[in-house]
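**Student:** Fold the following, please.
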Amino acid sequence: MSLATPYPMPPRHKGKLAINALRATRLDEQQIADFLATHEVPIVEGATCTFLYRGYADGVALRHRIVNQPQHVPMKRLDVPEGTTPLWYVTIELPAASRVEYQIEVRTDGGVETFNDPLNPHVAHSPVGSSSVCHAAGYQVPTWVHPQGDARPGEIVDLPFQSKALRRMTHNRVYLPARFRRSSHYPLLVVHDGDDYLNYAAMGTVLDNLIHDLDMAETIVVFSNPADRLREYPNYAPHARHLTHELLPLVEDQLPVISRADARCLMGASFGGVAALSTAYRNPGVWDNLLLQSGSFVFTDIGSDHGGGPAFDPVVTFMNRYRARPRRLAARMFLTCGVYEPLIVPNRSMVPVFESTGSQVRYVESRDGHSWENWRDRLRDGLSWTFPGPQKLVYE
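**Tutor:** Prediction:
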């Protein structure tokens with residue numbers, strides 16, 4: 001097992017915080033406007049992050065997504081001797097390199113509205129909406145998630161396929177590396193929730209950059225998409241049969257992929273991680289690499305109350321059965337999880353279980369939550385370890 005480097009608290013800000021300096025002045029509307037114009041919100045000063053809202057309301061709160069912390073944090077109105085102001089604030093401390101998604105809750109006239117922070121331009125998107133993002137001290141968006149001028153883009157082509165196992169038309173996309181040649185042979189990566197990885201984790205751009213920088217081997221990537229992920233992903237036999245006995249033969253027939261288990265990888269996040277794990281479980285010896293991000297590996301050691309709701313019932317049944325009789329599912333497994341998400345304990349707990357089967361396991365944690373940008377930020381670690389390029393091989 002390989003753990004990520006611990007994230008210390010950044011040093012506390014020396015001197016008076018910006019919000020406290022503002023409180024000491026004789027405030028008016030123009031001073032508030034000038035203050036907001038000269039400070040990026042949230043205001044990050046060492047370990048302290050100050051969240052702000054400007055507007056008259058009965059109450060304002062910060063709603064964040066850090067597990068095991070109060071996720072509804074009331075803001076205080078900035079009062080001065082002359083009366084009240086329309087500026088609300090709250091300060092919290094965040095460890096170095098944290099990335100936190102949040103929204104602002106405003107209560108007026110008995111009604112409550114929650115929305116993204118109008119003072120913060122940083123927004124993260126997902127299939128269920130968007131959230132504002134706080135970048136704590138030490139966090140930086142990886143350079144390789146943005147297009148690089150010298151990195152040739154790969155080609156993404158559609159691969160529709162009528163699945164007998166799933167009894168529906170499947171909609172897949174295939175990434176072909178920029179220097180793709182039919183005379184060569186390539187590893188194969190199959191990604192669950194493929195369009196979401198492309199749309200919300202910039203995975204097409206990431207592949208272009210990692211391959212260009214020789215961090216990752218040239219790889220053919222199939223982006224698979226579900227019709228109903230809550231039904232098809234939690235240990236669903238037709239899904240495992242579709243990937244292994246329909247999609248894999250189709251790809252091997254149409255594209256020059258290496259026909260060996262050690263050159264194949266299944267990848268997924270959240271429920272997609274369960275789908276990748278259970279597909280490998282049902283088809284031993286076929287998929288010898290797994291890349292699992294924030295897997296929904298919910299289980300119950302005592303009793304039957306797992307707290308996840310009915311959607312997790314088949315997941316818990318599968319995980320309990322596997323934990324009772326673990327066996328090797330893949331030669332190499334790369335796992336990531338954010339310490340701010342509810343799944344951190346199940347993911348940590350599964351690492352020694354996977355290791356006990358003889359799998360080589362690399363596990364990486366981050367100061368982040370259950371989000372597509374968290375999974376995006378871990379892509380280089382996972383992809384370059386699973387299918388390392390020439391540059392990576394030199395240093396390992």
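**Student:** Which parts of the stretch 1-150 of the chain are helices?
**Tutor:** Taking DSSP state H, counting those that start in this stretch as the test, the helices found in the stretch 1-150 of the chain are 18-23, 29-37.
**Student:** Find out how far stretch 57-74 is from the centre of the chain, if you would.
**Tutor:** 22 Å (Cα atoms, centre = their mean, to the nearest Å).
**Student:** Pull it out as CSV, backbone CA atoms only.
**Tutor:** In CSV, the C-alpha atoms belonging to stretch 57-74 read as follows (Å, rounded to 0.1, in the frame of the first residue of the first chain):
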residue,chain,number,x,y,z
ALA,A,57,-31.2,38.9,4.6
ASP,A,58,-32.6,37.4,7.7
GLY,A,59,-29.8,34.9,7.8
VAL,A,60,-27.0,33.5,5.7
ALA,A,61,-25.1,30.2,6.0
LEU,A,62,-22.2,28.4,4.3
ARG,A,63,-23.1,24.9,3.1
HIS,A,64,-20.0,22.8,2.4
ARG,A,65,-19.3,19.1,1.9
ILE,A,66,-16.7,18.1,4.4
VAL,A,67,-17.8,14.8,6.1
ASN,A,68,-17.8,14.7,9.9
GLN,A,69,-17.9,18.5,10.1
PRO,A,70,-21.0,20.7,10.5
GLN,A,71,-22.0,21.2,6.9
HIS,A,72,-24.3,24.1,7.7
VAL,A,73,-22.2,27.0,9.1
PRO,A,74,-24.1,30.2,9.9
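**Student:** That one: which residues count as buried?
**Tutor:** Neighbour-count burial for stretch 57-74 flags 57, 60-62, 64-66, 73 (criterion: 16 or more other Cβ atoms under 10 Å). Where you see a C-beta, it was placed from the backbone N, CA and C, and this is true even at glycine.
**Student:** what does stretch 110-129 give?
**Tutor:** With burial defined by 16+ other Cβ under 10 Å, the residues of stretch 110-129 counted as buried are 116-117, 119-120, 122, 124, 126.
**Student:** So for it, mean pLDDT?
**Tutor:** The average of the pLDDT scores along stretch 110-129 is 96.
**Student:** Equivalent analysis for stretch 241-251, please.
**Tutor:** Mean predicted lDDT for stretch 241-251 stands at 98.
**Student:** Same check on stretch 181-189?
**Tutor:** The model assigns stretch 181-189 a mean pLDDT of 97.
**Student:** Could I get the buried residue list for it?
**Tutor:** 185-189.
**Student:** Let me have those residues in a markdown table, extended by secondary structure and distance to Glu355.
**Tutor:** Listed next are the buried residues of stretch 181-189 as a markdown table, based on DSSP: H, G, I helix; E, B strand; the rest coil; distance: Cβ to Cβ, whole Å:
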| residue | secondary structure | distance to Glu355 |
| --- | --- | --- |
| His185 | coil | 31 |
| Tyr186 | strand | 29 |
| Pro187 | coil | 24 |
| Leu188 | strand | 25 |
| Leu189 | strand | 23 |
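**Student:** Can you tell me which of the residues you listed comes closest to Gly154?
**Tutor:** Nearest to Gly154 among the buried residues of stretch 181-189, counting by Cβ to Cβ, is Tyr186 at 11.3 Å.
**Student:** If I look at the closest residue to Ile66 other than its chain neighbours, what pLDDT would I see?
**Tutor:** Excluding the flanking residues, the one nearest Ile66 by Cβ to Cβ, 6 or more residues apart in numbering is Tyr340, at 4.6 Å. What the model reports as pLDDT for Tyr340 is 97.
**Student:** so Tyr340 touches Asp368, yeah?
**Tutor:** Yes: Tyr340 is in contact with Asp368 according to Cβ atoms under 8 Å; the separation is 6.1 Å.
**Student:** list the residues that contact both of these two?
**Tutor:** Listed as contacting both Tyr340 and Asp368 by Cβ atoms under 8 Å, 6 or more residues apart in numbering are 98, 100.
**Student:** thinking again about what came up before, which two among the buried residues of stretch 57-74 are spaced furthest apart?
**Tutor:** Ala57 and Ile66 (23.7 Å).
**Student:** just to confirm, which helix or strand has Gly204 in it?
**Tutor:** Element membership for Gly204 (DSSP states H and E) is helix 203-212.
**Student:** Next, the residues that contact that helix from outside, please.
**Tutor:** With Cβ under 8 Å, 6+ apart as the test, helix 203-212 has contacts from 144-148, 150-154, 156, 175, 177-178, 191, 197-198, 216-219, 221, 223, 376, 379-380, 383-384, 389.
**Student:** From those, which land in strands?
**Tutor:** In this view, those that belong to strands under DSSP state E are 156, 175, 191, 221, 223.
**Student:** Quick one: residues contacting the residue lying closest to the second one once chain neighbours are set aside.
**Tutor:** Just to be clear, that refers to Tyr175. The shortest distance from Tyr175 to any non-neighbouring residue, by Cβ to Cβ, 6+ apart, is to Val221 (3.9 Å). When contacts are counted by Cβ under 8 Å, 6+ apart, Val221 touches 174-175, 188-191, 203, 207.
**Student:** swap the cut-off to 10 Å and go again
**Tutor:** Contacts for Val221 (Cβ atoms under 10 Å, 6 or more residues apart in numbering) come out as 154, 156, 173-177, 186-191, 194, 197-198, 203-204, 207, 265, 267, 383, 387.
**Student:** Show me what it bridges to in the sheet.
**Tutor:** Tyr175, Leu189 (DSSP bridges).
**Student:** Against Cys265, how distant is it?
**Tutor:** 9 Å (Cβ to Cβ, to the nearest Å).
**Student:** Mutual contacts of the two, please.
**Tutor:** Common neighbours of Val221 and Cys265 (criterion: Cβ under 10 Å, 6+ apart): 187-191, 383, 387.
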